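> structure of the sequence below:
(2 chains)
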Amino acid sequence: MADAGMLRFHVPEPEVRPGGTPDFSNVTIPKAGSVPRPEIDVDPRTIRDMAFSIIRVLNRAGEAVGPWAGLLTDEELLEGLRHMVTLRTFDARMQMAQRQGKTSFYMQHLGEEAVSCAFRKALAPGDMNFPTYRQAGLLIADGYPMVTMMNQIYSNEADPLKGRQLPIMYSSKEHGFFSISGNLATQYIQAVGWAMASAISNDSRIAAAWIGDGSTAESDFHSALVFASTYKAPVILNVVNNQWAISTFQGIARGGSGTFAARGLGFGIPALRVDGNDYLAVHAVAKWAAERARANLGPTLVEYVTYRTGAHSSSDDPSAYRPKAESDAWPLGDPVIRLKNHLIHRQVWSEDRHTQAEAEILETVIAAQKEAEGHGTLHAGGKPSTRDMFEGLYEEMPPHLRRQRQQAGV
Amino acid sequence: MPRKTMIEAIRDGLDVSMGRDNKVIVYGEDVGFFGGVFRATQGLQAKYGRSRCFDAPINESGIVGSAIGMAAYGLKPCVEIQFADYMYPAYDQLTQEAARLRYRSNGDFTCPIVVRMPTGGGIFGGQTHSQSPEALFTHVSGLKTVVPSNPHDAKGLLIAAIEDPDPVIFLEPKRLYNGPFDGHHDRPVTPWSKHELGEVADGHYTIPLGKAAIRRQGSAVTVLAYGTMVYVAQAAAAETGIDAEVIDLRTLLPLDLDTIVASVKKTGRCVVVHEATLTSGFGAELVSLVQENCFYHLEAPVARVAGWDTPYPHAQEWDYFPGPARVGRALIETLDA
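Alright, predicted model coming up:
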């Protein structure tokens, strides 16, 4: 019977708030290896259930199981572990540098390292990512110099962006990393446009769009899905669901759709959910989506189910809106520990070697930091010139800006 | 020399650009098979194929957002927003993305896009088919804003805009598509075929962005205008018998300040005219610049004639539109001051 009483306004609430006991019993976690791997030319209508499941490769025993396993060699997996530990170490050092006043702002990846690190290895040279602020693993895993990243974070004299952008809003065309705007969702439709251009040009390169769970509510997300669907653009539409958009739990953006992946279904876009803390699963699903795109089969929507263990940014305090121990209760574990255990299980790694590797990586990161700080930090040492502020807005500086630059005395 | 309507000239400009450079891509709502609601892209899909000219979903932020991605890839998209009034969903993409991509990436990525949009009223289009939002673009660092006033300029400026390495907003005064409308809505408009600025050379030519044109030489007062108001101002000068110098700005940003300053220093008086609403309109910027640069040459306060600060009405269109009578009164008052 329908309830025909007074209308009631509905506002979704997370299961638990600070002071409560973390509870993820509502998150259904399928067994590793249980989700089938369809052919890339599968009829999207026949795999709609994949938008409500979770593709997983690594099980609790550290084994890689099921149809999505077996794509990566020992060497590739060891490299992946190194990338994730590097990103985590880099984050810790830069977070600390922010606390020391060496920069204004920082955003870390804690708990989400597998998503961007593993994804990068599924792409080919020349492919283009349109990232958000939490995919620096794309750069680390592609060998972009850490010193250059730090120079940008410090807005120092060697900052490739001349001090014009907030920390971590990197740009590197050479490394397939589109300039981060700092706005939310705008890059999603731009990625689709880039992919359309590649198809128009009969190229073989593909694009990857990135967005967080909260920003899927933006209209640009829906614009991107319409264009990607209409023109069958060679693009991978990534949604990183880390459960929290600053203080707003994912239910506010998701509404009644069940999952973010399910957003793709109405557009006829194949939609997959994957364990975002499972390096092997992320890589395998990204590879599948990339093959589809390159084979003119069009876009794929991928939801990475993960958890933002750290604060949203250096300006955020999660203890004000979620239980402190919630990350410990997250049922998909920690991506670094899971890959480490898998490599130990494969007998190519050990706890000792891991501890040693962590120390070596820390040393490398500290060395990079020292070098970067030699070029200055936000408030000390070398910095971009006032002249840099006026330049590079247009290819040729228009007269009014020349006058203003003169007025500023530079 | 062949004479063309402004629509034919714009189509010619697109055709020439697409023919010379296969990186030029044209799309927008109804732009493909049908050729656009004003027919500016008619025949281009048939000539260049569906990959170069195609229909877009009704989604302006999607049209501009995808164009930014295409430009980052290396193409040169020239997209159409069906009416300037429809651009607001794309405003975020234009102001925070297209305008700043070169700057924020220090040239790692650039955004050579052109966004064409019919602007202005005079066709009984009501609130949502009549607006003149140019000041919303000139206020944004990183964009260029162009407003042609005739077929010859429209083609040359459009080709220059497409070849420009930065994002250009190309506002087409839709009341000028068929002829040099001077605000006398009760009289038939002279067709472009009878006007010398309807002469459009074949093939490739450009008119540089940032160069104004003096449409009427005069010594008594300078009128700064663009788009439809260029003809309204000329009509006002003729009907009042005032020897006004009418400057057609053609490009609002970059602005040809030198031509403006030279003229006002000569005449000592200035009237600024636009169809857009008065408050915080582009005219306010022009008045400031004139005052900063010509203060000791001015014989009278600089006057502004603009659309009233209301939404563009439907039935009261001609009460709203700053026609030759209102501009004429401003000329007389400026001379009497």
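
> only C-alpha atoms for contact and neighbour calcs from this point on.
Noted.

> let me see the contact set for the residue in chain B that chain A sits nearest to.
Closest approach between chain B and chain A, counting by CA to the nearest CA: B:S66, at 3.6 Å. B:S66 sits next to A:189-194 when contact means CA atoms under 8 Å, 6 or more residues apart in numbering or on different chains.

> and the strands in the stretch 201-337 of chain B?
Counting by DSSP state E, counting those that start in this stretch, the stretch 201-337 of chain B has these strands, from start to end: B:213-216, B:221-225, B:244-248, B:251-253, B:270-277, B:303-307.

> which one of those lies nearest to A:P18?
With CA to CA as the criterion, A:P18 lies closest to strand B:270-277 of the strands of the stretch 201-337 of chain B, at 51.5 Å.

> show the pLDDT at residue 61.
All of this is about chain A. For A:A61, the model assigns a pLDDT of 96.

> can you look at chain B instead?
B:S61 carries a pLDDT value of 98.

> could you do A:S25 as well?
pLDDT, A:S25: 89.

> distance check, it against chain B.
With distances taken as CA to the nearest CA, to the nearest Å, A:S25 is found 38 Å from chain B.

> ok, back up a step: let's verify the residue of chain B closest to chain A: helix, strand, or coil?
helix (DSSP: H, G, I helix; E, B strand; the rest coil).

> residue contacts, the residue in the stretch 301-410 of chain A that chain B sits nearest to?
Closest to chain B within the stretch 301-410 of chain A is A:L393: 4.7 Å, counting by CA to the nearest CA. Contact analysis of A:L393 by CA under 8 Å, 6+ apart lists B:100, B:102-103, B:141-142.

> return only those of those residues found close to chain A.
For chain A, the contacts drawn from the contacts of A:L393 by CA under 8 Å from any CA of the partner chain are B:100, B:102-103, B:141-142.

> ok, so of the contacts of A:L393, who is nearest B:T240?
Once CA to CA is applied, the member of the contacts of A:L393 that ends up nearest B:T240 is B:S141, at 38.9 Å.

> look up the closest residue to the closest one, ignoring the ones flanking it.
Nearest residue to B:S141, sequence neighbours excluded (CA to CA, 6 or more residues apart in numbering or on different chains): B:A99, at 6.6 Å.

> now the one you found. Its backbone dihedrals?
Per-residue torsions, B:A99: phi -70, psi -30 (degrees, to the nearest 10).

> picking up where we left off before, how about the strands of the stretch 201-337 of chain B in a markdown table, adding mean pLDDT and distance to B:A71?
Shown next, in a markdown table, are these (pLDDT from 0 to 100; distance: least, CA to CA, whole Å):
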| stretch | mean pLDDT | distance to B:A71 |
| --- | --- | --- |
| strand B:213-216 | 98 | 31 |
| strand B:221-225 | 98 | 32 |
| strand B:244-248 | 98 | 30 |
| strand B:251-253 | 98 | 21 |
| strand B:270-277 | 98 | 30 |
| strand B:303-307 | 98 | 35 |
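
> A:L72: neighbour count?
14 (other CA atoms under 10 Å in any protein chain shown).

> nope, B:K4 is what I meant
26.

> contacts only, for the closest residue to it other than its chain neighbours.
Spatial nearest neighbour of B:K4, chain neighbours left out: B:G198 (5.5 Å); criterion: CA to CA, 6+ apart. Applying CA under 8 Å, 6+ apart, we find B:G198 in contact with B:3-6, B:150-152, B:192.

> show me those that map onto helices.
Judged by DSSP state H, the contacts of B:G198 include B:6, B:151-152 as members of helices.

> what's the nearest residue to the residue of chain B closest to chain A if we skip its chain neighbours?
Leaving aside its chain neighbours, B:S66 sits nearest to A:G193 (3.6 Å; criterion: CA to CA, 6+ apart).

> wait, the one you found touches B:S61, no?
No. Taking CA atoms under 8 Å as the definition, A:G193 is not a contact partner of B:S61, at 11.5 Å.

> look up how far chain B lies from A:F130.
Distance of A:F130 to chain B, computed by CA to the nearest CA: 9 Å.

> can you check the pLDDT for that residue?
For A:F130, the predicted pLDDT is 98.

> quick one: neighbours of it, just the number.
29.

> residues touching A:A64, list them.
A:A64 makes contact with A:33, A:57-58, A:70, A:280, A:342 under the criterion CA under 8 Å, 6+ apart.

> again, but for A:L184
By CA under 8 Å, 6+ apart, the residues touching A:L184 are A:132, A:211, A:215, A:218.

> same list, these, but as TSV with secondary structure, neighbour count and distance to A:F227 please.
Formatted as TSV, the contacts of A:L184 follow (DSSP: H, G, I helix; E, B strand; the rest coil; neighbours: other CA atoms under 10 Å in any protein chain shown; distance: CA to CA, whole Å):
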residue	secondary structure	neighbour count	distance to A:F227
A:T132	coil	26	20
A:I211	strand	25	16
A:S215	helix	21	18
A:E218	coil	13	15
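
> circling back: among the contacts of B:S66, name the ones in helices.
Short answer: the contacts of B:S66 in helices (DSSP H) are A:189-194.

> which of the residues you listed has the most neighbours?
Counting neighbours by other CA under 10 Å, A:V192 leads these with 38 neighbours.

> just checking, it touches A:Y231?
No. The pair A:V192 and A:Y231 does not pass the contact test of CA under 8 Å, sitting 9.2 Å apart.

> where in the stretch 1-150 of chain A is pLDDT low?
Residues of the stretch 1-150 of chain A meeting the criterion pLDDT under 70: A:1-2.

> tell me the contacts of B:D12?
B:K155.

> identify each buried residue in the helix or strand it falls within, please.
Applying DSSP states H and E as the criterion places B:D12 in helix B:6-20. The neighbour-count check on helix B:6-20 (16 or more other CA atoms under 10 Å in any protein chain shown) flags B:6-18 as buried.

> that helix: what's the following helix or strand?
Moving toward the C-terminus from helix B:6-20, the first helix or strand encountered (DSSP H and E) is strand B:24-28.

> could you chop the chain up by domain?
Because you didn't say which chain, this covers chain A. Chain A breaks down by automatic domain parsing into domains covering A:44-315+A:322-379, A:385-410.

> sorry, I should have been clearer: chain B.
B:6-198, B:213-336.

> distance to A:P44 for the ones you listed - can I get that in a markdown table?
Below are the domains of chain B laid out as a markdown table (distance: least, CA to CA, whole Å):
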| stretch | distance to A:P44 |
| --- | --- |
| domain B:6-198 | 22 |
| domain B:213-336 | 47 |
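
> most tightly packed of those domains?
domain B:6-198 (a mean of 22; mean count of other CA atoms under 10 Å in any protein chain shown).

> residues contacting the residue in the stretch 51-200 of chain A that chain B sits nearest to?
Nearest to chain B in the stretch 51-200 of chain A, going by CA to the nearest CA, is A:G193, at a distance of 3.6 Å. With CA under 8 Å, 6+ apart as the criterion, the residues that contact A:G193 are B:65-70.

> residue contacts, A:G80?
Counted by CA under 8 Å, 6+ apart, A:G80 has contacts A:117-118, A:141, A:279.

> please repeat the previous calculation with a cut-off of 10 Å.
Applying CA atoms under 10 Å, 6 or more residues apart in numbering or on different chains, we find A:G80 in contact with A:72, A:74, A:86, A:113-114, A:117-118, A:121, A:141, A:279-280, A:336, A:339-340.

> try B:A67
If you count contacts by CA under 10 Å, 6+ apart, B:A67 has them with A:189-194, A:196-197, B:25-27, B:61, B:73, B:75-79, B:93, B:98, B:111-115.

> all helices for the stretch 51-200 of chain A, in order.
A:74-99, A:113-120, A:137-140, A:146-154, A:186-200 (DSSP state H, counting those that start in this stretch).

> phi, psi of A:I206?
In this entry, A:I206 is assigned phi and psi values of phi -120, psi 170 (degrees, to the nearest 10).

> so it touches A:V235, yeah?
Yes. The pair A:I206 / A:V235 is scored as a contact, 5.8 Å apart, by CA atoms under 10 Å.

> nearest residue to B:L298 other than its sequence neighbours?
B:G268 (4.5 Å).

> gap between the helix holding B:D12 and the chain center?
17 Å (CA atoms, centre = their mean, to the nearest Å).
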